[in-house]
Structure formats: structure tokens, C-alpha cells
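Colleague: A predicted structure for the sequence below; I have some questions about it.
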Amino acid sequence: MFVRAYLRASTDEQDANRARTALHAFAEERGIRIAAYYVENESGARLDRPELFRLLADSHPGDVLLIEQVDRLSRLSEADWRGLKAELLARQVRVVALDLPTSWVMTAPTDEFTARMFDALNAMMLDMLAAIARKDYEDRRRRTAQGRQKAVAEGRYKGRPEDTKRNAGIAAMLKAGSSWSQIQDAIGCSRATVAKIAKRTSEVTA
């Protein structure tokens, strides 16, 4: 059994590595070793997350996907969550979350009956926590949109200033033929940011 830790933050401004200490401490307390860390800055509402699927591709049956909270894995819509669950099931990867104590038993050897019982219990709990995470995501987006609309109506909203230096660097690397992954690693930006600059650049040159 290999334990693979997944760390995610939604934006470039957030630190995806923030949870590394907590995950390391959890593993040490249970006498297990984290084989690899997979870190990315992508929205949990997106199923298209390269590092998450690299983790799954690296995994073998019985391996553990370790996360700090269930919402680090999913703020997905119901349909996308079903798709991710199917992928986890097909690869026989067990999800262990620090905010889901019933999942902790997956890090220790156990008999077949206990393992099956906790598999069923955790599947139900994961569904519930994933649904809560999605609702929280939608509620926050709605409140943000309402606040923005009010600020616009009152003439107070000016939007986030663009990081022109960073975006110029992305554009230059795209022009030089660098891949999106290379740009993300070099600049430390999200894939969505690279996509936005790539689209803007193609529109200018079209």
C-alpha cells in the first residue's frame, strides 16, 4: 500500500502546500509514509485537474489518496463527482481525509469484513461531504455575485487589477513554444490563467 497525498488550492494566491504539515503529522502518528505529494492550484469544482489524475494514474489497487479535507478533492457537480468516484473505484484507490475519521482505518491492516464495512460507510460519508462542499461553493459564488452586482450598481466595483508582468511572461513563453505545463511550473500560475493568455494571444494574432 502506497499513500499519496493530494494538496489543492483554488487560486494562485492561495498556498496549496499549506496542508503538507498536517498530512505529514497524520502519517507519522500512524506509522505510515507518504510516498509522494501531488500539488496543484485548480478549482475543486473542475474535474479537469492534471495532478489529481496523475496521482490516480500512478496508483495501484489498495493505495490511499490522502487529503486534508474532502473539499480539497471535490466541490464537483453531482455528475462529475459520480465520474470521479467511478475512477477511484475502478482503480481501487481508497480516500482518507483528515476531516473524515471513519476513513482513517484505511491506513491500517484490517480483516475483510471490517474493510468492506468501512468502505460502505465511507462511500456514504464522502457523498454527503462532497454534496456539502458543492453547496458551500455554490452559496459563496452566489453571495459573491450578489455583492459584485451591488457594488457595480453603487459604482464601487473596479475589478481585480491585472498582473501585466506575469501575463507578459506567459505570453512570451507561449510564443517561444513552451508547453502549458512548463509555463505553470516556471510562472507558478494556474492552467486557467495560461488558457486565458493563450486565447488572448491567438485573438491578437488572428
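Modeller: Cool, got the structure.

Colleague: Remind me what the helix or strand bottoming out on mean pLDDT in the chain packs against, helices and strands.
Modeller: Lowest mean confidence among the helices and strands of the chain (mean pLDDT, DSSP states H and E): helix 191-205, at a mean of 84. Contact analysis of helix 191-205 by 3 or more Cβ pairs under 8 Å, 6 or more residues apart in numbering; DSSP states H and E lists helix 164-175, helix 180-187 as its packing neighbours. For the C-beta atoms, the positions are set from N, CA and C on the backbone; glycine is no exception.

Colleague: Please work out the average pLDDT along the lengthiest helix in the chain.
Modeller: For the chain, the longest helix by residue count, based on DSSP state H, is helix 112-153. Helix 112-153 comes out with an average pLDDT of 86.

Colleague: helices or strands up against it?
Modeller: helix 70-73, helix 78-91, strand 94-97.

Colleague: same thing but 7 Å
Modeller: helix 70-73 (3 or more Cβ pairs under 7 Å, 6 or more residues apart in numbering; DSSP states H and E).

Colleague: contacts for the helix it packs on?
Modeller: Residues outside helix 70-73 that contact it (Cβ atoms under 7 Å, 6 or more residues apart in numbering): Y6, R8, G44, I67, V95, A97, D99, L100, L126, L129, A130, A133.

Colleague: re the thing from before, now do the longest helix of the chain: distance to the chain's middle.
Modeller: Centre-to-centre, helix 112-153 and its host chain are 13 Å apart (Cα atoms, centre = their mean, to the nearest Å).

Colleague: Also stretch 59-78?
Modeller: On Cα atoms, centre = their mean, the centre of stretch 59-78 falls 9 Å from that of its chain.

Colleague: Span of that stretch from start to end?
Modeller: With Cα to Cα, to the nearest Å as the measure, stretch 59-78 spans 24 Å from end to end.

Colleague: in this structure, which segments are predicted with low confidence?
Modeller: The chain contains residues with pLDDT under 70 at 12-13, 157-159, 204-206.
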